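>>> Please work out how this folds:
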Amino acid sequence: MRIVLHGQQAFGKAVLEKLLDRGEDVVAVCTAPTKEGRREDELAAFANEKGIPLHQPASWKTPEALELMQSFDADVCMMAYVLLFVPEPVLSAPKFGTFQYHPSLCPLHRGPSSINWPIAMGSTQTGLSIFWPDDGLDEGPILMQKTCAIGPDDTLGDVYFKSLFPMGVDAMLESLDLVKAGIIIKHDQRLDDGSYEGWFKKAQAEIDWSKPVADVYNYIRAANPAPGAWTTLNGEQVQVYDSAKVEGEGAAPGEIVAISDDGVTVQANGGCILIKRVRPVDSGKIPASEWAQAASLSDGNMLGS
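Numbers count the residues shown, from 1 in each chain. Down below sits the predicted model:
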């Protein structure tokens, strides 16, 4: 089959590597334009290295973009992590259309931060969907789904790199095999039973120490490594990464109750958070014990104010 791979970054590159290892006929690679001053995307660099025609239109909503996709005379387009909106005429240009990877169990957690939100909400399970996109927001019919557990201490990085990334690469290839075999599966999503969440960005990652300790811990995990949960010390921001939920009560929310070689323990509602690793302003990530020493922290200091 003549395949167009549309994607970006490490996930897109991993899918392209698998396709080439199998000897698939990848006739074109499409990825987002390289922004001025930014390093070239991993997928774009790999496509150039392998001599595969690379295309980086700024928009897919133009007549020229449709003509470009039609010019590939492709059997199928595989979308491996795409943030630019692609309209239905472009999606439908290949003979069998376009299927796409999404890291959630659609229709749950449709949207751009679909890995962060299940963790933030305390879910114990998530997964991935391979679906046929349309003009909706992750609303097209499902080709394949796979589930994975979210452990009680798993971070965003754990869930993605240990589960959803490798599972997703394999699922993209499995889906291609189904299409090549003439098995075109399209299960409609029950959108009323699902959810759509927007970006999980810095505003969502601010720590509210007055919330139940489980909620605080979930949000820290959901933001690790990106965008990074954060709090303030004397009005100056500090990002919080590795942490643990521990027992303790009686202090005010946000109050530092202990400092040790293990880190800085902070009171939340119904328990405490042991902060193990942080990134202060104008610094890299460091052990929280080092930060405590450098900032002259002591029991009774308040975070979040």
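
>>> how does this protein divide into domains?
2-193, 213-294 (automatic domain parsing).

>>> With respect to residue 199, which of these lies nearest?
Residue 199 lies closest to domain 2-193 among the domains of the chain, at 5.2 Å (CB to CB). C-beta here means a position set from N, CA and C on the backbone, and glycine is covered the same way.

>>> excluding its backbone neighbours, what's nearest the residue nearest the centre of the chain?
When CA atoms, centre = their mean is applied to the chain, the residue found nearest the centroid is residue 115 (5.1 Å). Computed as CB to CB, 6 or more residues apart in numbering, the closest residue to residue 115 that is not its neighbour in sequence is residue 103, at 5.1 Å.

>>> ditto for residue 104
Nearest non-adjacent residue to residue 104, counting by CB to CB, 6+ apart: residue 114, 3.8 Å away.

>>> what's the one you found sitting at in phi/psi?
phi -70, psi -10 (degrees, to the nearest 10).

>>> same check, this time on residue 262
Here is the backbone geometry of residue 262 (degrees, to the nearest 10): phi -80, psi -20.

>>> Bridged to the spatially closest residue to residue 285 that is not a sequence neighbour, which residues?
Closest residue to residue 285 apart from its sequence neighbours, by CB to CB, 6+ apart: residue 279 at 4.8 Å. Beta bridges link residue 279 to residue 239, judged by DSSP bridges.

>>> Next, count neighbours for residue 279.
17 (other CB atoms under 10 Å).

>>> how far away is it from residue 231?
Distance, residue 279 to residue 231, by CB to CB, to the nearest Å: 12 Å.

>>> which neighbours do these two share?
Common neighbours of residue 279 and residue 231 (criterion: CB atoms under 8 Å, 6 or more residues apart in numbering): residue 238.

>>> burial measure for the residue nearest to residue 115, as a count.
The burial count for residue 103: 24, using other CB under 10 Å.
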